[in-house]
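>>> here is my input; please provide its structure:
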Amino acid sequence: MAKNEYIIEYNENLFNQIRSDMLGFIDVHTDIYALGEHEKAKLPKIIKPKQSISLLDKKVMDELINIYSNKCQDIQFDSMEIYELNNENEFTTTFIHLNHIVDKLTYSNIIKLKNIENSISLKPLYLTNYLINYTSKIGPSDRLNHVFNEDKFTGYQKRFEKEFSKDFKIIINESEKLFDFTKIFLDLNSIIGVFWKFCTINKIFESLANSLSFTRILQDFSSEINKKKNDLRYSFREKDKRQIRSFASTGGLARAEKYREKMNPIFNELFLLFEKRNPSNNKKWKSKGECAKYFIKEYYLNNPKTDIDLDPKKLVTEITNRINDHSARRKTALLA
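The predicted structure is shown next:
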């Protein structure tokens, strides 16, 4: 098999896998189980509103891909770009240039095809995207009894209608009409962004099928899709982790506060002893460690039933903290 034929076959197989992964967004929440009493109960694929709406299944999504791939613009190269592609082994920037061209073409297709005429056929895609993202943020154990936020969903539908309205994407600069790129953020989100990029690549595939730089673009796109699917499937775990960290942090602060409240009188007593002479020889303490060891011995003799565990290193640290605190107070008094 010739080199070009091998590259074309590899790219075709990779692209077919990407298409399959793309359709897999529809089932991204399938086979996730709740914990506890619902552990063995299958959860709904998507949490839905009360109102009846049209959502995508794999068949409809595949049809949409075919329709909008045909509507996308074909890729155009100038003579220098054609030379670079035909001799890409001689250039180090071919992948970067081609990737930039594909991204620009994707944005251009969104600009061209996001209009009133296409809003009816595209609405199920946008609503499905919203609900899959919405579901991903709800933990499995909460999904069966979750109360859907109808107001938020209604707000999204209104935004959809507005963004597909005439001239919504156009801004006027004196006598010139320009495209406002800030208005396509909705279209680069999650499944929608993948959809538009896939349709763009599908349209130009034959023009680039024998390019190794195009192979890298497909590989990166495949990784992007799988990462987004994984994020959608398990993003609730990040929320759970944040809650656990929050609870742990709050609990840790409470325990630390309780510990300080219990131990501060002991530490203060220790520091008073350190400021005096060693009772055993009436001399200055040789070190903070010597004072700490003496204090521990006397404390346990006087409190045989205590459950407090005194650590010499910790006591030395507390003496140091109080010395520094005293020094700071003295400096403040002198400055005053």
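
>>> low-confidence ranges, the chain, go.
Applying pLDDT under 70 to the chain picks out residues 1-3, 30-44, 167-183, 185-186, 235-257, 325-336.

>>> where along the protein do the helices fall?
Ranges of helices in the chain, per DSSP state H, are 3-23, 58-71, 79-86, 94-113, 116-136, 140-143, 150-163, 190-208, 212-275, 288-302, 312-335.

>>> can you get me a residue count around the nearest residue to residue 88 once chain neighbours are set aside?
Spatial nearest neighbour of residue 88, excluding adjacent residues (C-beta to C-beta, 6 or more residues apart in numbering): residue 94 at 4.2 Å. (C-beta placed from N, C-alpha, C; glycine too.) For residue 94, the neighbour count with other C-beta atoms under 10 Å is 20.

>>> how is the chain carved up into domains?
The chain breaks down by automatic domain parsing into domains covering 3-234, 249-335.

>>> hey, which of the ones you listed is tucked in deepest?
Highest mean neighbour count among the domains of the chain (mean count of other C-beta atoms under 10 Å): domain 3-234, with a mean of 15.

>>> gap between that domain and the chain center?
Mean-position distance between domain 3-234 and its chain equals 18 Å (C-alpha atoms, centre = their mean, to the nearest Å).

>>> I'd like the numbering to begin with 9 instead of 1 from here.
Sure thing, new numbering starts at 9, so read that last one as domain 11-242.

>>> which residues touch the nearest residue to residue 270 once chain neighbours are set aside?
Nearest non-adjacent residue to residue 270, counting by C-beta to C-beta, 6+ apart: residue 316, 7.8 Å away. Counting by C-beta atoms under 8 Å, 6 or more residues apart in numbering, residue 316 touches 270, 271, 274.

>>> now the residue nearest to the second one when sequence neighbours are not counted: phi and psi?
Okay, so that is residue 271. Among residues not flanking residue 271 along the chain, residue 316 sits closest, at 7.6 Å (C-beta to C-beta, 6+ apart). When quoted as degrees, to the nearest 10, the phi and psi of residue 316 stand at phi -80, psi 130.

>>> now residue 316: how far from residue 267?
10 Å (C-beta to C-beta, to the nearest Å).

>>> ok, now residue 28?
Taken as C-beta to C-beta, the span from residue 28 to residue 267 is 56 Å.

>>> same question, residue 95
Between residue 95 and residue 267 the computed distance is 71 Å (C-beta to C-beta).

>>> ok, residue 82 next?
70 Å.

>>> and residue 321, by the same measure?
16 Å.

>>> next one: residue 239
Between residue 239 and residue 267 the computed distance is 39 Å (C-beta to C-beta).

>>> go on, residue 75?
Using C-beta to C-beta, we find residue 75 at a distance of 66 Å from residue 267.

>>> make a markdown table from the helices of the chain and add distance to residue 192 to it.
Listed next are those as a markdown table, based on distance: least, C-beta to C-beta, whole Å:
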| stretch | distance to residue 192 |
| --- | --- |
| helix 11-31 | 20 |
| helix 66-79 | 15 |
| helix 87-94 | 25 |
| helix 102-121 | 5 |
| helix 124-144 | 13 |
| helix 148-151 | 31 |
| helix 158-171 | 9 |
| helix 198-216 | 9 |
| helix 220-283 | 17 |
| helix 296-310 | 66 |
| helix 320-343 | 57 |
